[in-house]
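*Asks:* next comes the sequence, and after it the predicted model I'd like to discuss.
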Amino acid sequence: MILTGLLLYILAQLIVGAAVSTRVRSNEDYVLAGRSLGYGMGTFTIFATWFGAESCVATAGRAYESGLVAGEVDPFGYALCLVVLGLFFAYRLWTGQYLTMGDIFRRRFGPRMEKLAVLLLVPTSLLWGASQLRAFGQVLYVSANLPISTGILLALIVTLIYTVAGGMWADAITDLIQGIALIFGLGLLFVIVIMQPEFPEWIQSTPAERFQIFPTNEERPWYVVLDTWMIPILNAVVCQELIARTLASRSATIARHNCLLAAAMYLLVGLMPIFLGVLGPQIIPDMAEPEHLLPILAQRYLPGILYVLFAGAIISALLSTIDSCLLVSATLMANNFFPLSPTSADRARLRWSRVWVVLLGLTTYMLALSSESVFELSQSASSLGASGLFVVVAFGLFTRWGGEWTAIGSSSFGLGLYLYGDKVADWNASFLISLLGALCFYLVAGFFESGKSTSGTTSVAEPAC
């Protein structure tokens, strides 16, 4: 019954995606839904894209192991990143009328920086998508006893079908459905668990330190804590999945407000799984696989059809992020790394984008099969190359300081510092050090290229929220 219900739910997603594919008449329709998303659909597509395996599976497991301090990344860090995107970047990004993140780098710093940015952004999206594929496999393993590899393959097939067919239109409409299902499913489980007669006992028997948001200095120095928070907060500014949904909004003001509304929604919904994780050791002691906490709680407390609805909600969160990762990666490759000639027909560009969705989908599938942990994939996706790109985007959008080689050097130096610190030297604050290194490099190199950017930055008046 459970497997049948989940398959019917997935089939409904496919039908919706196929139905909206008729709206795709141009490459811009495919990539940005014709820049026509309003408040409702725009807010939900940002929320559903950002709320994935990290929130539904990995964070609840980490909270089971270490308490509320696990929420410094998710939901607190990721909610703050949407606030940063909305307050400081969304308006200027939308008024630039970019199609992709790659366009930002090409217009401001030239085609070589554009290609480098794609080389850094696409692996990040593929790792993020692979984490969602693996989490999908884990949910089906716990829910329906399907092998994890089978669940990963099923998720890939489903997302390829409706992403290839409908692009951003299919993503946005299914994100709306998936977001509603997710809020309902998680909310249902949360309410039922806290209504259990044992709930007061679970609260009283949970050690007080498990409710601390920030660790003590003895556990981790302040700079390590700051490093952990900076990764998710700054990641949004260079995350093509979020930028695409910002650019797809109907206006610059709507783009800004959608980010802020999605941040509030993300925080409220994200607190539910982490709270269940904090209480997890009292509810289910000595779990061998903490990342299985939410599915096991649902099995225990949700009967029949309600359990199917919950599993469908978790699947919704994962599918909405997988399709976003595939679409934006394909968009970057088709429009910025291997673009067709300017004289090519728009339909040819549209076909080329769809081909890249399939090719990168297969790559994501292989990454998901080769990894052991959802959290490992998510963290790799959150920090790889983000420090240098954030510095370049911030200077590029708001100043004329620095040019092409300043941007290339800063991005490369930031990436090199991060990889060395994380993989070789085992620094405790690799991201923070790489961010400061990229900033210093940009400031110094900018003396030699200041004012020599490809096209400069247009001043845009930004209204108050």
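*Replies:* Thanks, I have the structure now. Numbering: from 1, shown residues only.

*Asks:* which residue is nearest the centroid of the chain?
*Replies:* W50 (4.2 Å; C-alpha atoms, centre = their mean).

*Asks:* wait, it touches L242, no?
*Replies:* Yes. With contact defined as C-beta atoms under 8 Å, W50 counts as touching L242 (6.6 Å). For glycine as for every other residue, the C-beta is placed from the backbone atoms N, C-alpha and C.

*Asks:* mutual contacts of these two, please.
*Replies:* L82 (C-beta atoms under 8 Å, 6 or more residues apart in numbering).

*Asks:* would you list every one of the strands in this structure?
*Replies:* Shown for the chain, no strands are assigned by DSSP state E.

*Asks:* would you map out the domains in it?
*Replies:* Using automatic domain parsing, the domain parsing of the chain gives 2-376, 385-465.

*Asks:* hey, least reliable of the ones you listed by pLDDT?
*Replies:* Among those, domain 385-465 carries the lowest mean pLDDT, a mean of 82.

*Asks:* and that one, how far out from the chain's middle?
*Replies:* 21 Å (C-alpha atoms, centre = their mean, to the nearest Å).

*Asks:* where do the helices sit along the stretch 201-350 of the chain?
*Replies:* Ranges of helices within the stretch 201-350 of the chain are 222-235, 240-247, 252-283, 293-301, 304-332, 346-370, based on DSSP state H, counting those that start in this stretch.

*Asks:* so which of these comes closest to T95?
*Replies:* Proximity to T95 (C-beta to C-beta) singles out helix 252-283 among those, at 5.2 Å.

*Asks:* so how far is the closest one off the chain centroid?
*Replies:* On C-alpha atoms, centre = their mean, the centre of helix 252-283 falls 13 Å from that of its chain.

*Asks:* now it against helix 240-247, angle please.
*Replies:* Per axes from the mean of the first three to the mean of the last three C-alpha atoms, to 10 degrees, the angle that helix 252-283 makes with helix 240-247 is 140 degrees.

*Asks:* tell me which residues of stretch 17-33 are tucked away?
*Replies:* 17, 20-21, 23-24, 27-33 (16 or more other C-beta atoms under 10 Å).

*Asks:* likewise stretch 179-192?
*Replies:* Buried residues in stretch 179-192 (16+ other C-beta under 10 Å): 179, 181-183, 185-186, 188-190, 192.

*Asks:* out of the residues you listed, list just those in helices.
*Replies:* Among the buried residues of stretch 179-192, the ones falling in helices (DSSP state H) are 179, 181-183, 185-186, 188-190, 192.

*Asks:* mind checking how far the closest residue to Y307 other than its chain neighbours is from W401?
*Replies:* Distance criterion C-beta to C-beta, 6 or more residues apart in numbering; nearest residue to Y307, sequence neighbours excluded, is A298 at 5.5 Å. Distance check for A298 against W401: by C-beta to C-beta, to the nearest Å, it reads 52 Å.

*Asks:* and if you look at V358?
*Replies:* Relative to W401, and taking C-beta to C-beta, V358 is found at 41 Å.

*Asks:* about what we covered before: go through the domains of the chain and pick out the most buried.
*Replies:* For the domains of the chain, average neighbour numbers computed from mean count of other C-beta atoms under 10 Å are highest in domain 2-376, which has a mean of 21.

*Asks:* how far is that domain from where the chain is centred?
*Replies:* 5 Å.

*Asks:* can we start the residue count at 45 from this point?
*Replies:* New numbering, starting at 45: the last item is domain 46-420.

*Asks:* picking that back up, now, the buried residues of stretch 61-77 that are in helices?
*Replies:* Using DSSP H, the buried residues of stretch 61-77 in helices are 61, 64, 71-76.

*Asks:* how close does D147 get to T375?
*Replies:* 10 Å.

*Asks:* now swap in S65 and tell me
*Replies:* 17 Å.

*Asks:* do A199 as well
*Replies:* Taken as C-beta to C-beta, the span from A199 to T375 is 20 Å.

*Asks:* again, but for A161
*Replies:* 13 Å.

*Asks:* please apply the same query to Y351.
*Replies:* 37 Å.

*Asks:* I'd like to know how far the nearest residue to G49 once chain neighbours are set aside sits from A104.
*Replies:* Once flanking residues are discounted, G49 sits nearest to V352: 3.6 Å by C-beta to C-beta, 6+ apart. V352 sits 20 Å away from A104 when distances are taken as C-beta to C-beta.

*Asks:* A216 too?
*Replies:* From A216 across to A104, the span is 27 Å (C-beta to C-beta).

*Asks:* with V68 instead?
*Replies:* 36 Å.

*Asks:* using JSON lines, lay out the buried residues of stretch 61-77 together with distance to M316.
*Replies:* Below are those laid out as JSON lines (distance: C-beta to C-beta, whole Å):
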{"residue": "G61", "distance to M316": "27"}
{"residue": "V64", "distance to M316": "30"}
{"residue": "S65", "distance to M316": "34"}
{"residue": "R67", "distance to M316": "34"}
{"residue": "V68", "distance to M316": "35"}
{"residue": "N71", "distance to M316": "39"}
{"residue": "E72", "distance to M316": "37"}
{"residue": "D73", "distance to M316": "35"}
{"residue": "Y74", "distance to M316": "34"}
{"residue": "V75", "distance to M316": "33"}
{"residue": "L76", "distance to M316": "31"}
{"residue": "A77", "distance to M316": "29"}
